[in-house]
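[1] The amino acid sequence is not available; the structure is as follows:
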């Protein structure tokens with residue numbers, strides 16, 4: 001497995017930030033136009049389901065954007081790739097898989113206990 005350099009990871013995070021910001025802007029613009037309900041209960045139920053799904057996707061995108069922005073801030077501060085709990089380096093393979101990781105694998109596992 002070839003691990004990407006920090007510069008490539010930063011570029012990926014910057015691209016991901018731009019993609020998520022665009023996605024959120026589109027979802028918010030579309031959400032403002034989809035406020036009506038139909039006359040049939042089945043139509044209303046389908047619409048409610050779609051709105052709930054869109055809300056969950058929107059919240060997930062907002063959370064991911066926050067994590068991406070935080071990772072970019074850590075790059076700027078020179079702390080990217082350092083575990084926020086123990087201060088050890090985060091395994092480059094972990095950062096390859098999850099570029100916005102804040103904890104090393106050991107600390108992440110301890111957090112779940």
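    That came through, no problem. Just so you know, these numbers come straight off a predicted model, no measurement behind them.
[2] so residue 94 makes contact with residue 103?
    No. With contact defined as CB atoms under 8 Å, residue 94 does not count as touching residue 103 (9.0 Å). C-beta coordinates here come from the backbone N, C-alpha and C atoms, glycine included.
[3] so what's the residue at minimal distance from the centre of the chain up against?
    The residue lying closest to the centre of the chain (CA atoms, centre = their mean) is residue 64, at 1.4 Å. By CB atoms under 8 Å, 6 or more residues apart in numbering, the residues touching residue 64 are 16, 20, 100.
[4] ok, those residues vs residue 76, which is closest?
    residue 100 (14.0 Å; CB to CB).
[5] how about the closest one, what does it touch?
    Counting by CB under 8 Å, 6+ apart, residue 100 touches 13, 64, 67-68, 70-71.
[6] Doesn't it belong to a strand?
    No. Per DSSP: H, G, I helix; E, B strand; the rest coil, residue 100 lies outside any strand segment and is coil.
[7] what's the spacing between the longest helix anywhere in the chain and its chain's center?
    Criterion DSSP state H: the longest helix present in the chain is helix 41-77. Computed by CA atoms, centre = their mean, to the nearest Å, the chain-centroid distance of helix 41-77 equals 8 Å.
[8] Determine the three-state secondary structure at residue 3.
    When classified by three-state DSSP, residue 3 comes out as coil.
[9] That one reaches residue 90, doesn't it?
    No. Counting by CB under 8 Å, residue 3 sits too far from residue 90 to count as a contact (11.6 Å).
[10] more neighbours, the two?
    Taking other CB atoms under 10 Å, residue 3 and residue 90 do not tie; residue 90 has more neighbours (21 against 14).
[11] which one among the contacts of residue 100 gets closest to residue 112?
    Using CB to CB, residue 67 is the member of those that lies nearest residue 112, at 17.3 Å.
[12] Next up, the contacts around that closest one.
    Neighbouring residues of residue 67 by CB under 8 Å, 6+ apart: 100, 102.
[13] distance of it from residue 76?
    Residue 67 is 15 Å from residue 76, where distance means CB to CB, to the nearest Å.
[14] List phi and psi for residue 82.
    Per-residue torsions, residue 82: phi -110, psi 130 (degrees, to the nearest 10).
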